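Asks: Next input, structure requested:
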Amino acid sequence: MQTPQADRLYARAKQVIAGGVSSDARRAERPLFVDHANGAELWDVDGNRYVDYVLGQGPNLLGHAAPLVADAVSAQVRRGVAYSAQHELEAQVAERLCSMVPAAELVRFNTVGSEAVHGAIRLARGHTGRPKIVKFEGNYHGWLDPVLYSVHPDLALAGDARHPTAVGGTAGQPRHDADDLIVLPYNDLEAVAEVMADDIAAVILEPLLCNTGCITPAPGYLEGLRELTQQHGSLLIFDEIISGFRVAPGGAGELLGVVPDLATFGKAMAGGMQVSALAGSRAVMTSIADGKVAHAGTFNSHPVAMAAADAVLTHLDEQRDAVYPPLNNTGLRLMAGLRRAAERHGIPLLADGPGPVFQTYITDQAEVTDYRSFAACDRAAMARFHAGLFAGGINIVPRGLWFLSTEHTAAQIDETIAVADSVLSSL
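Replies: Below is the predicted model of the structure:
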């Protein structure tokens, strides 16, 4: 594709924006500069059209520029943008969220996922009076210092697979943040049982691991974590920033049948508007309600974001039978088509996930179950696959993650499979 306007804009951006992009997730040799988007498609500044499976890194479950979101946002903007005061919409959204999510009895709203997760960890420590947090390799819980460890670590630094070393994610991160962090392998219940003690405030994880592939927990794994945390008086936290409202109306907690003490949500809950939520049991959330644990933010329950969340959650709740089965089927059909194309060309491609979100891996492994097996995949081949798809007008998350929307049509799925077939033929 020809991209003269994007090249010009990138050169311009690098003069005034550090690195030329506003998030490290957008770093690329040639970043995508979007002009507009609609439904399941977007167009760059050079007029090139893409079938989009990034969907804003997941938020646009109802597609880009969803009319119900646009209408709700524009109506609220005319009523006021920021109040720094309470308003009815936030109670309305909280009521809806509590009715949809099994874990939710009380809610607090934030702006982005990293804030909600940070609030959950602070709350866990403040509520239990304990310092330590258990997290898992490959799980991403935001870019803040206390949790930016062992997301995609260098295995030479990470050490033993059963007892990994906490590997920081960036320069400038204080090493002492790792003192109260225990990093373990994902999907290994015995490893958790070995370290559980009375100084652990919480175990936090992505119940459906979407930041390292799209990995489903092993049978009994989440149930085992629930039992272990209850036995030791620790809290179980589900980070559902990606999976929440995407894989089921009540998120992965509903889909997988395990109720945590706390859960965080974002992305898909507001159709692209910037809002996240910390939800949990009344017993735990009371530590925020009574002021024991601080939680604040000028833009919390932002009226415009709440208007979008109200519209989206109402639709997902009341139209759940019209939303989720077709969404699942669309994802499953795309995965099946990709598998057939790969098999035709002798490419060892795995496509795994529940449907509304899934991962493609290029690997001879029969399955990918944790970060170490993800790291063993052929990531260079995956990068070539991504580049070929992008050149053919198919936009996916570079590491191989695909997000589906309710707006992806059968014709777009067929187009995507055809492009993938062509790319795989020369991979």
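
Asks: which residues touch residue 34?
Replies: Counting by C-beta atoms under 8 Å, 6 or more residues apart in numbering, residue 34 makes contact with 42, 43, 44, 45. For the C-beta atoms, the positions are set from N, CA and C on the backbone; glycine is no exception.

Asks: Which strand or helix spans the first one?
Replies: Secondary structure here is read from DSSP states H and E; on that basis residue 42 sits in strand 41-44.

Asks: one step back: reformat the contacts of residue 34 into CSV and put pLDDT, neighbour count and distance to residue 204 next to each item.
Replies: CSV is the format used below for the contacts of residue 34 (pLDDT from 0 to 100; neighbours: other C-beta atoms under 10 Å; distance: C-beta to C-beta, whole Å):
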residue, pLDDT, neighbour count, distance to residue 204
42, 97, 23, 33
43, 98, 15, 39
44, 97, 20, 37
45, 97, 17, 39
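
Asks: can you give me the helices in this structure?
Replies: Per DSSP state H, the chain carries helices over the ranges 4-16, 67-77, 88-100, 113-128, 155-158, 189-195, 221-231, 251-256, 282-289, 303-318, 320-344, 371-375, 379-391, 410-425.

Asks: What is the burial count for residue 247?
Replies: Look at residue 247: counted by other C-beta atoms under 10 Å, it has 29 neighbours.

Asks: what does residue 409 give?
Replies: Neighbour count of residue 409, defined by other C-beta under 10 Å: 13.

Asks: Contact partners for it?
Replies: Listed by C-beta under 8 Å, 6+ apart, the contact set of residue 409 reads residue 40.

Asks: Residue 266 is in contact with residue 113, correct?
Replies: Yes: between residue 113 and residue 266 there is a contact at 4.0 Å, judged by C-beta atoms under 8 Å.

Asks: Now for the two: what residues contact both?
Replies: By the contact definition C-beta under 8 Å, 6+ apart, residue 113 and residue 266 are jointly contacted by 241, 276.

Asks: hmm, back to that, export the contacts of residue 34 to a markdown table and tack on distance to residue 400?
Replies: Formatted as a markdown table, those follow (distance: C-beta to C-beta, whole Å):
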| residue | distance to residue 400 |
| --- | --- |
| 42 | 19 |
| 43 | 24 |
| 44 | 21 |
| 45 | 26 |
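
Asks: Which member of the residues you listed is positioned nearest residue 104?
Replies: Minimum distance to residue 104 across the contacts of residue 34 is 32.6 Å, recorded for residue 42 (C-beta to C-beta).

Asks: returning to what we had before: give me the sheet partners of the strand holding residue 42 and which way each runs.
Replies: strand 34-38 (antiparallel), strand 49-52 (antiparallel) (DSSP bridges).

Asks: How many residues are close by residue 220?
Replies: 10.

Asks: got the contact list for it?
Replies: Residue 220 is in contact with residue 189, counting by C-beta under 8 Å, 6+ apart.

Asks: Against residue 239, how distant is it?
Replies: To residue 239, residue 220 is 20 Å away according to C-beta to C-beta, to the nearest Å.

Asks: Likewise for residue 214?
Replies: Residue 214 is 14 Å from residue 239, where distance means C-beta to C-beta.

Asks: Of these two, give the one with the bigger neighbour count.
Replies: Legend: neighbour count by other C-beta under 10 Å for residue 214 and residue 239, higher for residue 239 (32 against 25).

Asks: can you pull the contacts of the more buried one?
Replies: Per C-beta under 8 Å, 6+ apart, neighbours of residue 239: 113, 117, 120, 139, 141, 204, 205, 206, 207, 263, 264.

Asks: try 6 Å
Replies: 117, 141, 206, 264 (C-beta atoms under 6 Å, 6 or more residues apart in numbering).

Asks: now swap in residue 299 and tell me
Replies: Residues counted as contacts of residue 299 (C-beta under 6 Å, 6+ apart) are residue 111.
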